[in-house]
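Asker: What would the 3D arrangement of this be:
(one chain, ligands or ions: 1)
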Amino acid sequence: MATYTAAVSSVVITKSRLRGVVFDMDGTLTVPVIDFPAMYRAVLGEGEYVKIKAENPCGIDILHQIEKWNPDKQKRAYKIIADYEKQGLDRLQIMPGASELCGFLDSKNIRRGLITRNVKEAVDLFHQRFGMIFSPALSREFRPYKPDPAPLLHICSNWEVQPNEVMMIGDSLKDDVACGKRAGAFTCLLDETGRYDTPEYQDVEFKPDFKVSSLVEVHSILQNNFNLTP
Ligand SMILES: [Mg+2]
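Answerer: Now for the predicted structure:
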């Protein structure tokens, strides 16, 4: 008589540990007020803008485009960019759901960091208006900037956490999601208008792990999918 022992396998679903969240600033923590297409046109000129836009259907990396220009031309370009960013600062508004999300992260002792391609002055003003500090907060002065993973890896090492214990949240597929995935972090794309639902974004190299149309949705994503242990 044979005895059969049924192997009882219990599947334990282990949620990934999340110890920190890194945010993009413009268009993620703040309402987009910079008219990027107008800024690109002003920097590049109409002809060059049309040409570069055709070559980069997923978006123009303006800082990269001007990096190889001669110093005079580059100086003029940075001046135009600074003027557009200044106008954006004057009208700066906090993204709906941002304060509540940060309050939730604080209640769980989850770290909060920030990476932006904007300048330090803009980050300082944002901190004043927002009333909560993100640390570290890396601006354009930190090289190389997004979509390079370096700023995110820098924050992880500063926090002494692994990249796969961190989530990068941002509204740019080519900057924020690419930076996050290259670093080995979880990524969440904020797409308020569904602009990334169009076919040209279906075959991109880096896809987000999560996609939301509002920061309000992030709270439940974190609670349902992660073990929130600082
Ligand atoms: Mg952004």
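Asker: Going by C-alpha atoms from here, please, whenever you check contacts or count neighbours.
Answerer: OK.
Asker: Of all residues in this protein, which one is nearest the centre?
Answerer: Gly170 (2.9 Å; C-alpha atoms, centre = their mean).
Asker: any idea how far that one is from Ile80?
Answerer: 24 Å (C-alpha to C-alpha, to the nearest Å).
Asker: Also Glu121?
Answerer: Noted for Glu121: a distance of 16 Å to Ile80, by C-alpha to C-alpha.
Asker: What residues of the biggest helix by length in the chain count as buried?
Answerer: Ranked by number of residues, the top helix in the chain under DSSP state H is helix 71-90. By neighbour count on 16 or more other C-alpha atoms under 10 Å, the buried set for helix 71-90 is Gln74, Ala77, Ile80, Ile81, Tyr84, Glu85, Gly88, Leu89.
Asker: now do stretch 149-162
Answerer: Residues Pro149, Ala150, Pro151, Leu152, Leu153, His154, Ile155, Cys156, Trp159, Val161, Gln162 are the ones in stretch 149-162 that count as buried (16+ other C-alpha under 10 Å).
Asker: What distance do you get for the second one to the ion?
Answerer: Separation of Ala150 from the ion (C-alpha to the ion, to the nearest Å): 17 Å.
Asker: and if you look at the fourth one?
Answerer: When C-alpha to the ion is applied, the distance between Leu152 and the ion equals 15 Å.
Asker: how does this structure divide up, domain by domain?
Answerer: Using automatic domain parsing, the domain ranges for the chain come out as 16-32+93-228, 36-90.
Asker: Arg140 - nearest residue in space that isn't next to it in sequence?
Answerer: In space, Arg140 comes closest to Arg117 once its chain neighbours are excluded; the distance is 4.6 Å by C-alpha to C-alpha, 6 or more residues apart in numbering.
Asker: That neighbour: what's it in contact with?
Answerer: Taking C-alpha atoms under 8 Å, 6 or more residues apart in numbering, we find Arg117 in contact with Ser139, Arg140, Tyr145, Lys146.
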